[in-house]
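Engineer: predicted model and sequence follow; I will ask about them next.
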Amino acid sequence: MGQKRAREPKAQAAEANKRKKAAKSDAASSDDYGSLGVDDLNWKEVAMPDRMDDAEGFFGLEEIEGVDIIKQNDGGVQFKAKAGKPTKSIIKPPSEDDGDEWAGFSDEDSAKKSPATEKSPAATEVKEDKKSKKDKKKEQNKAKKEEQNSKEQKPKEQKPKEQKPKEQKPKESKAAQSQSIKAGLSFAALDDVEEDDGVDVSAWDGLNLSPETFTALSKMKFSSPSAIQKASIPAILDGHDVVGKASTGSGKTLAFSIPIIEHYLDQRGKQEEQSDKSDKNKSPIALILSPTRELAHQLGKHIGELIANSPDTNARVALITGGMSIQKQQRQLATADIVIGTPGRVWEILSTGTGLIRKMQKIQFLVVDEADRLLSEGHFKEMEDILNALDKHQAGDIADMDQEEEEEEPSNRQTLVFSATFHKDLQQKLAGKSRWASGDMLDNKESMEYLLKKLNFREEKPKFIDVNPESQMAIGLKEGIVECPAMEKDVYLYSVLLYYPKHRTLIFTNSISAVRRITQLLQALQLPVFALHSNMAQKARLRSIERFSSPTANPSSILVATDVAARGLDIKGVNCIIHYHVPRTADAYVHRSGRTARAGESGKSILICAPDEVVGVARLAGKIHSKKAKKADDSDGPSKKIPLESLDIDRRVVARLRPRMSLAKRITDSTIAKEKVNTEDNWLRAAADDLGVEYDSDEFDQSKGRGRGRGGGRERREKEASELSKGEMAGLRAELKQLLSQRVNIGVSEKYLTAGRIDIDALLRGEGNDAFLGHLDPLTF
Ligand SMILES: Nc1ncnc2c1ncn2[C@@H]1O[C@H](COP(=O)(O)OP(=O)(O)OP(=O)(O)O)[C@@H](O)[C@H]1O
């Protein structure tokens with residue numbers, strides 16, 4: 001028998017949903033009980049004919065088939081699947097969640113969903129009591145927001161070039177508003193303090209934030225805004241384009257994300273209505289571009305946390321980076337509120353011509369994170385394509401794009417450009433202090449200037465906010481330098497690592513091959529080390545970061561990386577950065593070093609420097625510390641000193657570590673050489689097969705040996721290394737293992753030990769630096 005009922009009015013939908021969710025678990029076992037409640041059933045809306053003169057009373061009718069009614073003793077009714085039909089066929093399915101949202105750094109989907117994902121509809125089966133509190137809070141917040149909204153007008157609706165900034169809110173309305181926020185906060189925060197142990201966030205009061213954001217900040221324990229947040233958030237909320245410069249780790253992500261979420265909350269009613277109708281009609285509010293995949297993932301995680309901690313905020317984040325399934329990302333993008341991605345993949349997806357460009361043209365915010373990098377290297381073509389697509393006149397697909405070189409109109413969106421470093425030229429242009437080059441932009445293609453134009457700010461001059469013009473480096477950062485012979489970098493690196501046990505350390509090199517070699521070398525020395533470079537598969541990259549950064553990871557974990565990890569990565573508890581190779585640019589030094597001493601913490605950055613690198617280091621440090629150096633020069637007379645602290649590694653340590661290092665190097669060189677020979681061999685064999693000739697590796701090696709050019713010595717060494725037998729390798733490993741099983745003795749004789757002049761108990765308790773035996777002065781750094 002088919003059953004019909006009147007559809008719940010919208011106001012009751014939330015309550016009904018709640019009941020449905022609670023009923024879900026019962027429903028799962030309903031085969032045992034045999035009966036279901038009205039809200040457990042999979043009601044279908046009754047379709048109305050297009051032409052029906054008087055449909056009143058019929059709209060909203062719902063029906064279900066395959067159901068029998070069971071009358072209860074109390075007069076109520078229950079429902080049951082008709083005989084022969086599975087109960088499953090009549091139960092309302094769980095809310096839709098395709099599980100596409102980003103699930104954190106983990107490769108496994110199930111256990112470790114990201115906060116953003118946890119907020120997805122299917123995952124919102126929260127406890128009843130929490131939910132009802134949230135409903136109450138939502139109503140309070142909504143009323144508050146409506147009150148606020150009636151007092152202020154967002155500027156984003158109208159924007160001729162000169163106009164811009166949102167009409168300043170009248171003073172008294174701001175005060176009234178802040179009072180109303182506090183009133184809202186007093187309810188919301190009270191609830192959450194009980195549940196979530198939040199912190200006092202009154203220091204954020206002047207920033208015109210919603211009660212939802214206050215709650216999120218409280219839960220995230222961000223008691224006060226950082227300088228860049230304090231300066232940028234009001235400017236962005238007022239509708240300005242913003243160029244923000246602040247040191248590494250100073251909270252730039254939230255400086256642009258909070259206003260985006262505020263905008264989302266403002267628009268929520270509308271968004272929810274849209275998604276009720278169809279996700280197809282939904283367009284994202286923000287596109288955030290990042291130079292690396294890891295940074296994009298991290299941005300997703302950070303924003304996801306903000307969303308997850310913000311009551312009743314279900315903004316969807318789509319992560320669009322290479323190395324992941326393109327189809328999945330396409331689906332995510334279609335329903336996203338916030339899109340975060342790397343330019344290459346974002347363009348790859350937009351250019352599929354499935355109407356996504358049209359959606360992206362409606363974004364309210366374009367964020368260019370690590371802007372100096374995105375605008376000046378590597379990503380040029382994709383950035384150009386994306387920016388062209390965002391502003392092209394007729395909505396259409398890619399085919400229209402070539403005719404798009406006409407004068408562009410100012411965009412409706414806000415453009416937010418952030419970095420810790422802007423080269424002087426870029427900075428001046430962004431700040432509107434230097435003129436754009438005249439002439440046809442087409443002649444000027446391929447230049448950063450061309451891209452800057454393409455950013456198409458809505459304002460003539462974006463607001464340039466530089467919160468630390470004096471120094472680019474984080475306040476808690478100490479910078480040191482270890483000078484050593486060129487051929488001894490490995491042993492000095494190892495020494496520094498042993499000097500700082502229980503330090504989570506990030507080692508930067510300038511090449512992928514160096515990452516591979518150093519990782520293997522440190523592995524051979526039994527250190528907990530992971531690698532990160534751009535030739536690794538995406539999953540392996542994320543796995544390395546996760547293993548290195550996990551709170552449960554070994555506190556002495558080491559990550560060896562190229563500059564792919566230099567920008568933006570926010571890994572808690574990184575204590576030490578080691579530059580194994582001197583960075584190629586001053587900006588790279590700033591960003592690498594910025595992986596430590598973040599969010600007000602302290603940290604160390606140490607350059608390992610060979611004699612022929614000293615000049616380069618001096619130049620680099622001079623650029624970064626020009627103001628500091630100038631001040632010192634003014635007071636102390638001319639100084640050519642590198643403004644980094646020189647660290648003296650005890651020579652005894654280096655001497656005692658050499659035997660270990662030499663064994664580890666032989667093992668590593670041999671492993672790498674064997675891998676190389678195998679790869680070469682396979683390649684040559686395949687090439688010979690293609691040519692239909694016999695391949696004889698010995699003959700080939702002999703012919704190679706005849707050359708006397710440069711690199712012959714290296715080839716010979718590689719060949720020798722690759723020829724170490726399994727037995728020889730095992731012998732080397734055993735010898736190294738034996739050395740590693742002992743502490744490095746830096747001057748304690750047996751006589752000394754037995755004479756009781758050493759605290760054996762303390763040693764056994766593992767106090768002090770347990771890598772060494774004997775007294776070692778710690779590095780005063
Ligand atoms: N107001 C705040 N109070 C305390 N911690 C904060 C605050 N805002 C952000 N943080 C934390 O500071 C850390 C650094 O933030 P974020 O990654 O945004 O820095 P950043 O300025 O973008 O750095 P980078 O230039 O290296 O990309 C993060 O762990 C973040 O959670």
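Structural biologist: In hand now; what should we look at?

Engineer: okay, Phe380: pLDDT?
Structural biologist: Per-residue pLDDT puts Phe380 at 79.

Engineer: give me the neighbour count for it.
Structural biologist: For Phe380, the neighbour count with other Cβ atoms under 10 Å is 18. (C-beta placed from N, C-alpha, C; glycine too.)

Engineer: what separates it from the ligand, distance-wise?
Structural biologist: 21 Å (Cβ to the nearest ligand atom, to the nearest Å).

Engineer: these two touch, right, that residue and Leu387?
Structural biologist: No: the pair Phe380 and Leu387 fails to qualify as a contact (Cβ atoms under 8 Å) at a distance of 10.7 Å.

Engineer: shared neighbours, the two?
Structural biologist: Leu451 (Cβ atoms under 8 Å, 6 or more residues apart in numbering).

Engineer: how many residues are close by Gly594?
Structural biologist: When neighbours are counted by other Cβ under 10 Å, Gly594 comes out with 27.

Engineer: now it: closest residue in space, sequence neighbours ignored.
Structural biologist: Closest residue to Gly594 apart from its sequence neighbours, by Cβ to Cβ, 6 or more residues apart in numbering: Thr248 at 2.3 Å.

Engineer: next: Ala474.
Structural biologist: Ala597 (4.1 Å).

Engineer: can you list the low-confidence ranges for the stretch 151-300 of the chain?
Structural biologist: Along the stretch 151-300 of the chain, segments meeting pLDDT under 70 span 151-196, 269-281.

Engineer: check which helix or strand covers Lys80.
Structural biologist: Element membership of Lys80 [criterion: DSSP states H and E] is strand 77-81.

Engineer: Three-state assignment for Cys576, please.
Structural biologist: strand (DSSP: H, G, I helix; E, B strand; the rest coil).

Engineer: any idea what it is bridged to?
Structural biologist: Thr505, Lys604 (DSSP bridges).

Engineer: any idea how far Ile507 is from Thr562?
Structural biologist: 10 Å (Cβ to Cβ, to the nearest Å).

Engineer: who has more neighbours out of these two?
Structural biologist: Each of Ile507 and Thr562 has its neighbours counted (other Cβ under 10 Å); Ile507 has more, 28 against 19.

Engineer: list the contacts of the more buried one.
Structural biologist: Leu493, Ile518, Ile558, Leu559, Val560, Ala561, Ile577, Ile578, Tyr580.

Engineer: contact partners of stretch 369-386?
Structural biologist: Contact partners of stretch 369-386, identified using Cβ under 8 Å, 6+ apart, comprise 243, 252-253, 256, 288-291, 295, 299, 342-344, 346-347, 350-351, 368, 401, 417-419, 421-423, 426, 445-446, 448, 450-452, 454, 567-568, 587.

Engineer: and those residues near the ligand, which?
Structural biologist: Lys252, Thr253, Gly568 (Cβ under 6 Å from any ligand atom).

Engineer: isn't the last one right up against Leu289?
Structural biologist: Right, the one you point to is Gly568. No: in this structure Gly568 lies outside contact range of Leu289 using Cβ under 8 Å: 11.9 Å.

Engineer: how many neighbouring residues does the closest residue to the ligand within the stretch 551-700 of the chain have?
Structural biologist: Residue of the stretch 551-700 of the chain nearest the ligand, by Cβ to the nearest ligand atom: Ala599 (3.2 Å). Neighbour count for Ala599, taken as other Cβ under 10 Å: 13.

Engineer: hang on, the earlier thing: from the contacts of Ile507, which land in strands?
Structural biologist: Among the contacts of Ile507, DSSP state E puts Ile558, Leu559, Val560, Ala561, Ile577, Ile578 in strands.

Engineer: the last one against Thr596, yeah?
Structural biologist: Spelled out, that is Ile578. No: Ile578 lies out of contact with Thr596 (Cβ under 8 Å); the separation is 10.4 Å.

Engineer: quick check: the residue of the stretch 401-550 of the chain found nearest the ligand vs Lys502, distance?
Structural biologist: Nearest to the ligand in the stretch 401-550 of the chain, going by Cβ to the nearest ligand atom, is Ala420, at a distance of 4.1 Å. Relative to Lys502, Ala420 is positioned 28 Å away (Cβ to Cβ).

Engineer: and the average pLDDT for the strand holding Lys80 is what?
Structural biologist: The model assigns strand 77-81 a mean pLDDT of 69.

Engineer: which one of the ones in strands among the contacts of Ile507 has the most neighbours?
Structural biologist: Val560 (30 neighbours).

Engineer: ok, that one - contacts?
Structural biologist: Ile507, Thr509, Val515, Ile518, Thr519, Leu522, Val529, Phe530, Ala531, Leu532, Tyr580.

Engineer: so the second one sits right up against Val515, yeah?
Structural biologist: Yes: A contact is recorded between Thr509 and Val515 when judged using Cβ under 8 Å, the distance being 5.4 Å.

Engineer: the two: which has the busier surroundings?
Structural biologist: Val515 (26 against 22).

Engineer: tell me which element the more buried one falls in.
Structural biologist: Val515 belongs to helix 512-524, assigned by DSSP H and E.

Engineer: re the thing from before, roughly how far does the residue nearest to Gly594 sit from the ligand?
Structural biologist: 4 Å.

Engineer: need phi/psi at that residue.
Structural biologist: phi -60, psi 140 (degrees, to the nearest 10).
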